[in-house]
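Enquirer: Here is a sequence with its predicted model. Questions after.
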Amino acid sequence: MAKFDENPIIKDPAVNGVLRPPKLREHASAEVRCYPSKPKDTSAINLPTELVPDWKERAIAKFGELLEENQALRVYMDICVRCGACTDKCQFYLGTGDPQNFPVARAELLRKVYRRYFTPAGLFPDLGAAADLDEELLQKWYTYFYQCSECRRCSVFCPYGIDTAEITIAAREIMASIGVSTKYVTEVVAKVYSTGNNLGIPPAAWKDNCEFLEEELMEETGLPIRFPVDMEGADVLLVPPSADNFANTDTMIGYGKLFHFLGVSWTTSTYCNEGGNFGLFLNFANLQKVNQRIIDAARMLGVKTIIWGECGHAWRAGILTPTLSGPMDMFDPPYPYHISQFIVDMMKKGAFDGRIDKSANDEFLVTYHDPCNSARAGQLIEEPREIIRATCNRFVEMPKGTIREKTFCCGAGNGLLTDEIMPIRMAGGKPRAMAVKHTKANYLATVCAICKAQLPESMHYWDVPVKVGGVIDLLANALKL
Amino acid sequence: MSTSDILWTLLSLFFIGLAYFATFAFIAGLLWRLFGYLRTPMPLPHALTPAPTTEGGSILRVLGDVTLFQSLFKADKLLWGGAWIFHIALAAILFRHLRYFTYPVPGLILYMETVALFFGCLFGVAALFLFWRRLGLPRTLYISNIPDYFVLVLLGLVAGTGLMVSYWLHVNIVDVKGFILGLMTFHPVEVPRHPLFLLHLFFVLTLMIYFPFSKLLHAGGVFFSPSRHQPYQVQVRGKRYVNPLER
């Protein structure tokens, strides 16, 4: 059935939903690479369009700059003792067996260069485990730093908290500065600047879709559930992942029903109808620029507050907003505010008392997938569970080592959701698929658009019959409007 | 003056020089590196969540990692056991070494005499375990590099020679103490005439010089790891995390 090379993927079954560390298979995923970026995209987002001639010098200079400006990177370069605690924690190693996918091995790709140019060990490269930055190593950077989903799982287990995500972010920043980046990520960032969202949906299509949803819901429920677009003076600007309006429409319907039920005046913005910030996967300048659009959109519409929709990366970047884009004092606190936090706050105020019919979700045995970004970067672990417990009778957790702070990435986060690296996506999705299979759940709830795009494919590949959907979808289902 | 007297005098000069150099390199190197970590800004909030929301909570989190190796406990129970015993034994041994640096010796250190051998052996066994793990597990074998082996061998040599001069080929403790107190009061005297002890001293001084420029810096660096030492800070609590580079 698969239309891609399955050699990088290990097929061994899990035991009680948990994968054992596989045997090492050197170079198993060495040939799986993202397509390189196209000049039209990179030029649109202020990056070199091709490998610059003096790339080596510029890469090292950029590296030096980052070391001066980033405590995490500087400390993480030095203090790893190679104890091996992280070696069996990465989903991409568990799925491929390629030892370069050990978090520590991935980080060593950068550390080698650090030692060579920034420490005394560089004087004795062979003895000091240091290495020149050459074409071969750059190729490895490109391969393996784009086989990391920056999910931070390794950091949970590291005795020093070394976060490979930060190392990958630095490596991608260095590569972007010399003209090495992937087509998928640069294309998406370029689309945000031209259309306001990652999918490249033009404003007219966004409006059409919202009207379509209104008509459909009118037919279905007989209620005037609105999906306002660019409504000036609304109380709430909702920043959903744009996929919610096209692929995961149940989630979009969920927002509409929720705000209708609560009587909240809300709107989306066609200037910024995207929470997911792909700048995070590329470089700091674009992270900041994309994030700024949210604040600008909110100011333009004069809203009172911003609510982030169900998207992991959006939330990871969202909590950085006060740092990236300045104080948010002009908005009503709390901020940044996530839709799950909003729902739980409303629940505590009693807004849903007696208005939720849990039995509406009885056909589902629900399990919850913690998106890596919301769980490990956004402190969002209890809220989605509270909503599920309040709206479903049948909720089951996956095995202990695969949820909450120890959750596995869906396998396609942080710039990997692209078809040319399908073997990596399916391999990386394996630990999650095995854990879901173990629960026998038929509804996999999550609060991330990337997860919602990757999980149906990985569940299908690993033969797990389960419907993937949002948490708010369940609430909307059970809500007595 | 006999030939051997000349030899011991030269050796003494060498060791006295090396001891001062090593102490300087250790302290200055450590301060330089740790100050480097301290002054490097962290542009963005970086706490690994779930994280404490207060400064106090994050201090406890770091201390939990420093004293109990909590994160490692989550990762690998066997490694946690080995590593924790290794570090506790090391701490006990270092503490007991204060008897060579203090006069009069505090009572607590004297009481430790009875368990010193126990900790010495424990350290050796734990070091052997860590070495075995590095070599015996394909995953750790793959990631180990020459500095990793160098440190373990060096620590093993320090421990081995140390145990030997304490419990087998005894070194005259009065000589040792005289030598060390001499160094500390800047009135250096001749080294103890005990080749094995000098070997022990040599390995220790090498370790001290190597320390600030190696992965051994994890001992100080762990306090500067932003994923752990940062509380979860967003504007939610009325506090904005400001990018230090933009201040």
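Expert: Received, thanks.
Enquirer: and the stretch 301-450 of chain A, which residues reach chain B?
Expert: Within reach of chain B by Cβ under 8 Å from any Cβ of the partner chain, the stretch 301-450 of chain A has these residues: A:319-324, A:327-328, A:333-336, A:375-381, A:404-406. For glycine as for every other residue, the C-beta is placed from the backbone atoms N, C-alpha and C.
Enquirer: Beyond the helix-or-strand element of chain A with minimal mean pLDDT, next helix or strand please.
Expert: Scoring the helices and strands of chain A by mean pLDDT, DSSP states H and E places helix A:321-324 at the bottom, with a mean of 88. Next helix or strand after helix A:321-324 toward the C-terminus (DSSP states H and E): strand A:337-338.
Enquirer: now that next one: how far from the chain's centre is it?
Expert: Relative to the centre of its chain, strand A:337-338 is centred 16 Å away, using Cα atoms, centre = their mean, to the nearest Å.
Enquirer: go on, stretch B:217-229?
Expert: 15 Å.
Enquirer: Also stretch A:387-403?
Expert: 21 Å.
Enquirer: what does it rub up against?
Expert: Identification of contacts with stretch A:387-403 by Cβ atoms under 8 Å, 6 or more residues apart in numbering or on different chains yields A:16-18, A:340, A:343-344, A:347, A:352, A:356, A:358-359, A:361-362, A:364-370, A:385, A:406, A:408, A:431-432, A:435-436, A:438-441, A:445, A:471-472, A:474-475, A:477-478.
Enquirer: can I get the CA coordinates of it in CSV?
Expert: What follows is stretch A:387-403 as a C-alpha-only set of coordinates in CSV (Å, rounded to 0.1, in the frame of the first residue of the first chain):
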residue,chain,number,x,y,z
ILE,A,387,-12.9,19.2,29.0
ILE,A,388,-12.9,15.6,27.8
ARG,A,389,-13.9,14.3,31.2
ALA,A,390,-16.7,16.8,31.3
THR,A,391,-18.1,15.9,27.9
CYS,A,392,-17.5,12.2,27.5
ASN,A,393,-18.4,9.2,29.6
ARG,A,394,-15.8,6.9,28.1
PHE,A,395,-12.2,8.3,28.4
VAL,A,396,-9.1,6.1,28.5
GLU,A,397,-5.5,7.1,29.0
MET,A,398,-2.6,5.7,26.9
PRO,A,399,0.3,3.9,28.8
LYS,A,400,1.9,6.1,31.4
GLY,A,401,5.3,6.6,29.6
THR,A,402,3.6,7.9,26.5
ILE,A,403,1.4,10.8,27.8
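Enquirer: For it, give the mean pLDDT please.
Expert: Mean pLDDT, computed over stretch A:387-403, is 94.
Enquirer: If we go by neighbour counts, what in the helix or strand hosting A:Thr251 is buried?
Expert: Per DSSP H and E, A:Thr251 falls inside helix A:249-262. Within helix A:249-262, the residues that qualify as buried are A:249-261, counting by 16 or more other Cβ atoms under 10 Å in any protein chain shown.
Enquirer: now do stretch A:26-39
Expert: A:Ala28, A:Ser29, A:Ala30, A:Val32, A:Arg33, A:Cys34, A:Ser37.
Enquirer: Likewise for stretch B:101-119?
Expert: B:Ile109, B:Met112, B:Ala116, B:Phe119.
Enquirer: Looking at chain B, which helix is longest?
Expert: helix B:3-39 (DSSP state H).
Enquirer: downstream neighbour of that one in the secondary structure list?
Expert: Downstream of helix B:3-39 (by DSSP H and E), the next one is helix B:55-63.
Enquirer: now for that next one, which elements pack on it?
Expert: Helix B:55-63 sits against helix B:226-229, with contacts defined as 3 or more Cβ pairs under 8 Å, 6 or more residues apart in numbering or on different chains; DSSP states H and E.
Enquirer: got the contact list for the helix it packs on?
Expert: So helix B:226-229 is contacted by A:71-72, A:75, A:152, A:155, A:160-163, A:166, B:42, B:46-48, B:58-59, B:61-62, B:65, B:222-223 (Cβ under 8 Å, 6+ apart).
Enquirer: What average pLDDT does it get?
Expert: 92.
Enquirer: again with stretch B:70-78
Expert: Mean predicted lDDT for stretch B:70-78 stands at 94.
Enquirer: Provide a list of residues in contact with A:Tyr160.
Expert: A:Val75, A:Tyr76, A:Ile79, A:Cys80, B:Asp65, B:Ser71, B:His218, B:Gly221, B:Val222, B:Ser225, B:Arg228.
Enquirer: Would you mind confirming that the fifth one makes contact with A:Phe157?
Expert: Just to be clear, that refers to B:Asp65. No - taking contacts as Cβ atoms under 8 Å, B:Asp65 lies outside contact range of A:Phe157: 11.3 Å.
Enquirer: Overlap of the contact sets of the two?
Expert: B:Ser71.
Enquirer: Residue 148: neighbour count?
Expert: This is for chain A. 27 (other Cβ atoms under 10 Å in any protein chain shown).
Enquirer: My question was about chain B, not that one.
Expert: Quick note: B:Asp148 (other Cβ under 10 Å) scores 20 neighbours.
Enquirer: Which strand or helix spans it?
Expert: Counting by DSSP H and E, B:Asp148 is part of helix B:146-167.
Enquirer: thinking again about what came up before, taking the buried residues of stretch B:101-119 one by one, which sit in helices?
Expert: B:Ile109, B:Ala116, B:Phe119.
Enquirer: Which single one of those is nearest to chain A?
Expert: Among those, B:Phe119 lies closest to chain A (Cβ to the nearest Cβ), at 21.5 Å.
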